[in-house]
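[1] Following is a predicted model, sequence given first.
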Amino acid sequence: MASRRMIGVLGVLQAAVAVRAAAATAGKAKPNILFIMADDLNADWKNDRLQWMPNLNKHFAQGGATFIHHVAAQPVCGPSRSSLLLGKYPHNTGYRANSDDASTAAYLAKHNHTTGKWLTDAGYYTAFFGKYVNGCEGHVPSGWSWWGGLQNTYDFYNATIWEMDWEDPTFGPPRTKVMTDIHQADFLGNFTVDHARKALASQRPFFISVTPVMPHWGTCYGPGPDSVYPPYDPHWEWNLPGGLSMPISPCPTNRNRHKFDDQTNPRIPGVWNVSITGPRPVWHSTVDVPGHLTAEQAYREDIGWQNRSAAILDLDEMIGIIVDGITDLGVMDSTYMFFTSDNGYHLGEHKMPFGKGEPYDTDVRLPMYVRGPGVLAGRKLPHPTNHLDITATIVELAQAASTSPTNLDGLSFAADLANPADPATLGDSWRQHSYSEFFGSVNTWRLVRVVNSTHTFSYMWWCTNDTEVYNMNVDQWQTHNMVGSPGFAEAAAAHAGGIVNALGTCSGSDCARPTPANTLPANGSLQCYTLTTPQSERPGGFSINPDGAGGFALRGWLVNTLIDGGAQTVTVMMKVDGKFYSNGLHLPFIPADIPRPDIPTSTKNHGFVYNSTMIPPALFKGKHTLTLFGAVGNGQALGYGGKGRQGSNSGMSRCVCDGKECPCPQ
């Protein structure tokens, strides 16, 4: 009963307070706003990251406010980014999953009406530089003053960036620029300062969003065939010896590349390479590594961590370029700056080798800092915020309510940035929970993190009717699911289950401060999400053609459904016996650049040929299975003859027996 009584305090504390910020910005000159978002940067919970990031430490952590319980609305790139730009949860934006046609279509129907347009209409000069929403990189949204989204996103020294000046009628159609031999950390920072200067010259405040790819995986010099990638390039992490595929590393700058070579991925005892105890959801029967991570997997995690850490140095240097530039322009004191990430990242924790997309703090909890006029420096605020609250706060700071939607899902925290009251009291009266969600087959879930002056716990509800409860006051690393234990788990479910029910279908103010339902989630109330990629939208195939001399050629074609016009390079990747490297057998990655005239160009087709001289002689002997894959230049994967993903085995397959096509095993 003690746990039940303590959690009852949550209901006694104010569920709503008088609006603190109604007059906070009224009548004031509009501030400049700069938003920086990293990629795949988890919260600083494994080590003291700020010791390596002096600019983030000085100007944001010490010079601003730290939100210690900030989370992603959905912990994966595309849904997180689209939700932030629209100020709505994924279940409201319609963009629920990466590489999902329905999600891409839903977002593209709205992408001309995001924060960029709202603030442009409110009198701001607006610019966007960096990574955009996954699957939409080939589109140039209107509403911004300047569009500089990346097209070839995951190429650090060879990125392609859009150039579109929506304010200059003589500029012409959108064009692209290849940033050859210039690292993203360098050109993104300089572009940001250049456009802040341009805004001030036009006597307007600026809103600039800069979204570098660090420390997400990416190549140094792609896209292209294998020959363009040096031995150290992360390109090779897709196809490691022994069939291992662990794409973790970004490509750091040459100046920082080796600065962590003597360090390893921090391995927290009882967390790294150890499964969560207690009841486990269905999904984790497919995710938890059987037995333990192998020595090779652990080694690749170390390599990935070294490169991710080096990329964080690049990220901090980019922050320094921006801060120094804004200071030199003389507007630092009138500029709000936000820093966060799109999602977190696990690297061996709970026996999950690498990645994101899970409801645990490794993946959902993020760094988040705000500095600017009136922000009390050096404070740690316990408010359980997510990205939608950032959007609502930016709208309020910009005095853009009249040009923005009235039904945003987030809750502004603008007034608390300068409020000297006790942080715990402010957090309790602001809101006592955050909400996140995820959509992906049986990995579809809802999460409420309850945070107040007495409790911090997570309640997770899965589409497979599984439940998890973690009491982070005593179990910081979420190592034991308390479901099935009497007392706390029941009380937590009684409180948070109703919030999950309310938030799973909420919209607008009902999301910002929901009225909890009185019942726990019912079995079947959350449907497992099915990715939507119509068969007609993912064609591709290949044939095996004998050459008359005991060998054969492979001829095929792919359809790039992700980019308008098929403008990006499509790379063909062919597995042999389920692996890119199989007992020394390897077919090179080649560009699919041969037009196929019998298919309309609107389907974005790309043909390819492996002639017999490109095929290892050993492949002409014995029985082998060939499986077709492809990837567009920005790193997104294409699947053919099935919903394939890069690194999986679900592309179209054909078999050869002693150099001739033969039936594949059923």
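    Now that the structure is in, tell me what you want to look at.
[2] which helices and strands does the longest helix anywhere in the chain pack with?
    Longest helix of the chain, by residue count under DSSP state H: helix 295-328. Other helices and strands packing on helix 295-328, by 3 or more C-beta pairs under 8 Å, 6 or more residues apart in numbering; DSSP states H and E, are strand 32-38, helix 54-56, helix 184-201, strand 335-341. Just so you know, the C-beta spots here come from the backbone N, C-alpha and C atoms, and that holds for glycine as well.
[3] The longest one relative to strand 32-38, how many degrees between them?
    It stands for helix 184-201. 170 degrees (axes from the mean of the first three to the mean of the last three C-alpha atoms, to 10 degrees).
[4] Check the average confidence over helix 184-201, would you?
    Helix 184-201 shows a mean pLDDT of 97.
[5] Repeat that for stretch 365-379.
    pLDDT averaged over stretch 365-379 gives 97.
[6] tell me how far the ends of it are from each other?
    18 Å (C-alpha to C-alpha, to the nearest Å).
[7] Give me the buried stretch members for that stretch, please.
    365, 366, 367, 368, 369, 370, 371, 372, 373, 375, 379 (16 or more other C-beta atoms under 10 Å).
[8] Which neighbours in the sheet does the strand ranked longest in the chain have, and how are they oriented?
    Scanning the chain for the strand with the most residues, using DSSP state E, yields strand 623-632. Using DSSP bridges, strand 623-632 pairs in its sheet with strand 570-576 (antiparallel), strand 637-639 (antiparallel), strand 653-657 (antiparallel).
[9] Next, format those strands as a markdown table and append mean pLDDT.
    Output for the strands paired with strand 623-632, formatted as a markdown table (pLDDT from 0 to 100):
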| stretch | mean pLDDT |
| --- | --- |
| strand 570-576 | 77 |
| strand 637-639 | 39 |
| strand 653-657 | 83 |
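[10] Please render these as CSV that adds mean neighbour count to the earlier fields.
    Output for those, formatted as CSV (neighbours: other C-beta atoms under 10 Å):
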stretch, mean neighbour count
strand 570-576, 25
strand 637-639, 23
strand 653-657, 18
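[11] Who are the contact partners of residue 87?
    115, 388, 391, 392, 395, 404, 405, 408, 409, 410 (C-beta atoms under 8 Å, 6 or more residues apart in numbering).
[12] measure it to residue 401 for me?
    Computed as C-beta to C-beta, to the nearest Å, the residue 87 to residue 401 distance reads 12 Å.
[13] and what of residue 554?
    58 Å.
[14] What segments of the stretch 251-400 of the chain are strands?
    335-341, 369-371, 379-381 (DSSP state E, counting those that start in this stretch).
[15] just to revisit the earlier point, chain center to the longest strand of the chain: distance?
    Distance of strand 623-632 from the chain centroid (C-alpha atoms, centre = their mean, to the nearest Å) equals 27 Å.
[16] which of the buried residues of stretch 365-379 lies closest to residue 524?
    residue 365 (29.3 Å; C-beta to C-beta).
[17] what's near enough to touch that closest one?
    So residue 365 contacts 42, 43, 45, 69, 70, 71, 344 (C-beta under 8 Å, 6+ apart).
[18] just to revisit the earlier point, which residues do residue 87 and residue 401 both contact?
    residue 395.
[19] and the residue nearest to residue 621 when sequence neighbours are not counted, what pLDDT?
    Leaving aside its chain neighbours, residue 621 sits nearest to residue 658 (6.2 Å; criterion: C-beta to C-beta, 6 or more residues apart in numbering). Note for residue 658: predicted pLDDT of 83.
[20] any idea how far the most centrally placed residue in the chain lies from residue 512?
    The centre of the chain sits closest to residue 77, judged by C-alpha atoms, centre = their mean, with a distance of 2.1 Å. Residue 77 sits 24 Å away from residue 512, taking C-beta to C-beta as the criterion.
[21] same question, residue 440
    26 Å.
[22] Give me the more crowded residue out of the two.
    residue 440 (21 against 18; other C-beta atoms under 10 Å).
[23] tell me the contacts of the residue nearest to the more buried one when sequence neighbours are not counted?
    Using C-beta to C-beta, 6+ apart and skipping residues adjacent in sequence, the residue nearest residue 440 is residue 97, 5.6 Å away. Contacts for residue 97 (C-beta under 8 Å, 6+ apart) come out as 76, 78, 79, 103, 439, 440, 529, 531.
[24] Just grab the bridge partners of residue 341 for me.
    residue 38.
[25] What is the burial count for it?
    Residue 341 is flanked by 28 other residues according to other C-beta under 10 Å.
[26] hang on, isn't it packed against residue 42?
    Yes: look at residue 341 against residue 42 with C-beta atoms under 8 Å: they come within range, at 7.4 Å.
[27] okay, and the common contacts of the two?
    Shared contacts of residue 341 and residue 42, counting by C-beta under 8 Å, 6+ apart, come down to 366, 367.
[28] where does this protein dip in pLDDT?
    For the chain, the stretches with pLDDT under 70 are 1-27, 286-290, 518, 532-540, 559-570, 580-584, 594-606, 630-651, 665-666.
[29] Quick check: the gap between residue 220 and residue 654.
    Plainly put, residue 220 is 33 Å away from residue 654 if you go by C-beta to C-beta.
[30] Residue 56 now?
    51 Å.
[31] mind listing the helices in the stretch 401-550 of the chain by residue range?
    Using DSSP state H, counting those that start in this stretch, the helices assigned to the stretch 401-550 of the chain run over residues 423-430, 488-503, 509-512.
[32] With respect to burial, which of those helices scores highest?
    Each of the helices of the stretch 401-550 of the chain was scored by mean neighbour count; the highest is helix 488-503, a mean of 22, by mean count of other C-beta atoms under 10 Å.
[33] Please work out which residues outside stretch 275-285 touch it.
    With C-beta under 8 Å, 6+ apart, stretch 275-285 has contacts from 288, 350-351, 442-443, 445, 460, 462, 464, 466-468, 478-485.
[34] so how far is it from its chain's centroid?
    24 Å.
[35] Please identify the buried residues of it?
    So stretch 275-285, judged by 16+ other C-beta under 10 Å, has buried residues 276, 278, 280, 281, 283, 284.
[36] And the fifth one, how far from residue 449?
    Taken as C-beta to C-beta, the spacing of residue 283 relative to residue 449 amounts to 19 Å.
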